[in-house]
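Chemist: Curious how this folds, go ahead:
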Amino acid sequence: MGSERGGSGTLSTIQQPDNVEAGEKPAWSIGGRNYVLVLLTSVAAINFLDRQILGVLLEPIREEFGLADWVLGLLTGFAFAVFYASLGIPIAALADRFSRRNIIVVCTGIFSVMTAVCGMAQNFWHLFLARVGVGIGEAGTMPASQSMVSNLFPIESRATAMGLLATGGNIGLMLGLLIGGWVNEWWGWRWAFVAAAAPGLLLALTIWLTVKEPKRPHNPAVDPAARPHLVKETLASIAYMARVPSLRWFTAGGALYGLTGYGLYTFMPSYFIRYHDLSTGEAGTVISIMTGVIGAIGTFAGGWFCARLARRHGMHWNGWLPAMAILLSAPFMVTMLLSDNTWLVIGLFVMPGFLSSVYAGPTWAIIQELVAPGRRAMAASVYMLIFNLIALGLGPVFTGTVSSAIQPMVGDQSLRYAMVAVVAISLAGAFAYFMAGRTVTRDLEKLRAQL
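Modeler: Numbers count the residues shown, from 1 in each chain. Take a look at the predicted model:
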């Protein structure tokens, strides 16, 4: 254990800060690294807005189309996740070779248009196929964004930057819940999808006009001209991540906890509507405050605090801090789900809301450090492939299927108990993060020696 607790000296020798064009400009000028980070965070926010708005609209869609909970889980999870996850790999390979900015612009335009198409669905299958289109568009934005951020920020501040990038998910979830909840009450769920689609098109145009592609650090080991075929490179990246113990553990931790998160938060509006008699607008407002405002604070704080702990005490905190957050959050969430007092439920929601995304910044940052600079987009995409197939693909399906399975025994309380069951999976995620913390410093030292 002693060799795995490397202090700030270990950090400074793992990788040198990247020298990039955007980093030479004033940070807050147009094209500067902070400006670019804000735009990429906005892309992540719109990404999550268009992805998660469906959650607050599940009840009116269920009533109009007559769908069971397991079908809702299929619609919110599988329909989106399979294409979103699988297409991330080839798009990430393109991002490691070509302009990441252009990939982000094109993908943002695609998922925004397909979100508007969701509002035109006339039955379950129309909506299912439209959601597939959203997944196809959203597949390319996050790997390319993480790769750009890793070029723009040195290792000492990269976890903080990744933490801010991760807040886009909280912001997008907040906006999706608010827009979806209230627009549904005013004009119906179809117009909610149209309203969610508009900001993405404007953002894509802004990035196209004001952001330049950052220069990549030169690394002879990953010379683009000498790279193998896409399939071979993808398999090589997966094999490499499978060989590195800490990458295995970080991926398992994120995926298992993500399964819990998506399994819970996809059905959280339905929970408040069914068991606490809130409207879609009221449910969306409550959840948006907890996951959007408080969750964004927790996400950024997790990245910032982890960066400080890593500098002072060692990189193992990238694993141990998420593990602690998961373990602290679980009892609050279980108590909340079983309570019938609405105000008590809202009060208990604060702690899980704050801790729910603490894992994101540290996980994204350390995965970028555990691979060579020229393969960062691919590493992010492999991680997201596994994460999204398990978390986004299976999380809602698991919750919906359990709810439908136990409904004959517990009646209308089935969704509540299904959500409690999914919380237990997060404990396995906490264990994986603890194990990742035990191995990460040694793996970083091996990579430094290879480079």
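Chemist: Poorly predicted segments of this protein, please.
Modeler: 1-29, 31, 156, 159, 216-231, 373-374, 377, 451 (pLDDT under 70).
Chemist: What ranges does the stretch 1-150 of the chain have for its helices?
Modeler: Along the stretch 1-150 of the chain, counting by DSSP state H, counting those that start in this stretch, helices occupy 8-14, 33-56, 58-65, 69-73, 79-97, 100-118, 124-138, 141-152.
Chemist: what's the closest of those to Leu209?
Modeler: Among the helices of the stretch 1-150 of the chain, the nearest to Leu209 by CB to CB is helix 100-118 (9.7 Å). Yep, even glycine has a C-beta here, placed from its N, CA and C like the rest.
Chemist: Extract the C-alpha set from the closest one and format it as PDB.
Modeler: Taking Å, rounded to 0.1, in the frame of the first residue of the first chain, the C-alpha atoms of helix 100-118 are listed here in PDB:
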ATOM      1  CA  ARG A 100     -13.100  16.900 -32.600                       C
ATOM      2  CA  ARG A 101     -14.800  20.300 -32.900                       C
ATOM      3  CA  ASN A 102     -16.400  19.300 -36.200                       C
ATOM      4  CA  ILE A 103     -17.600  15.900 -34.700                       C
ATOM      5  CA  ILE A 104     -19.200  17.700 -31.700                       C
ATOM      6  CA  VAL A 105     -20.900  20.200 -34.000                       C
ATOM      7  CA  VAL A 106     -22.400  17.500 -36.300                       C
ATOM      8  CA  CYS A 107     -23.500  15.200 -33.500                       C
ATOM      9  CA  THR A 108     -25.100  18.100 -31.600                       C
ATOM     10  CA  GLY A 109     -27.100  19.000 -34.600                       C
ATOM     11  CA  ILE A 110     -28.300  15.400 -35.200                       C
ATOM     12  CA  PHE A 111     -29.500  14.700 -31.600                       C
ATOM     13  CA  SER A 112     -31.300  18.100 -31.500                       C
ATOM     14  CA  VAL A 113     -33.200  17.400 -34.700                       C
ATOM     15  CA  MET A 114     -34.100  13.800 -33.500                       C
ATOM     16  CA  THR A 115     -35.400  15.200 -30.200                       C
ATOM     17  CA  ALA A 116     -37.900  17.300 -32.100                       C
ATOM     18  CA  VAL A 117     -38.900  14.200 -34.100                       C
ATOM     19  CA  CYS A 118     -39.800  12.500 -30.700                       C
END
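Chemist: dump the residue contacts of Ser86.
Modeler: Applying CB atoms under 8 Å, 6 or more residues apart in numbering, we find Ser86 in contact with 139, 385.
Chemist: quick revisit: go through the helices of the stretch 1-150 of the chain and pick out the most buried.
Modeler: Greatest average neighbour count among those goes to helix 141-152 (a mean of 28), per mean count of other CB atoms under 10 Å.
Chemist: now the angle from that helix to helix 33-56?
Modeler: 160 degrees (axes from the mean of the first three to the mean of the last three CA atoms, to 10 degrees).
Chemist: which other helices and strands contact helix 141-152?
Modeler: helix 33-56, helix 79-97, helix 100-118, helix 155-187, helix 360-369, helix 376-387 (3 or more CB pairs under 8 Å, 6 or more residues apart in numbering; DSSP states H and E).
Chemist: For Phe431, which of these is the nearest?
Modeler: Short answer: helix 360-369, nearest of the helices and strands packed on helix 141-152 by CB to CB, at 15.0 Å.
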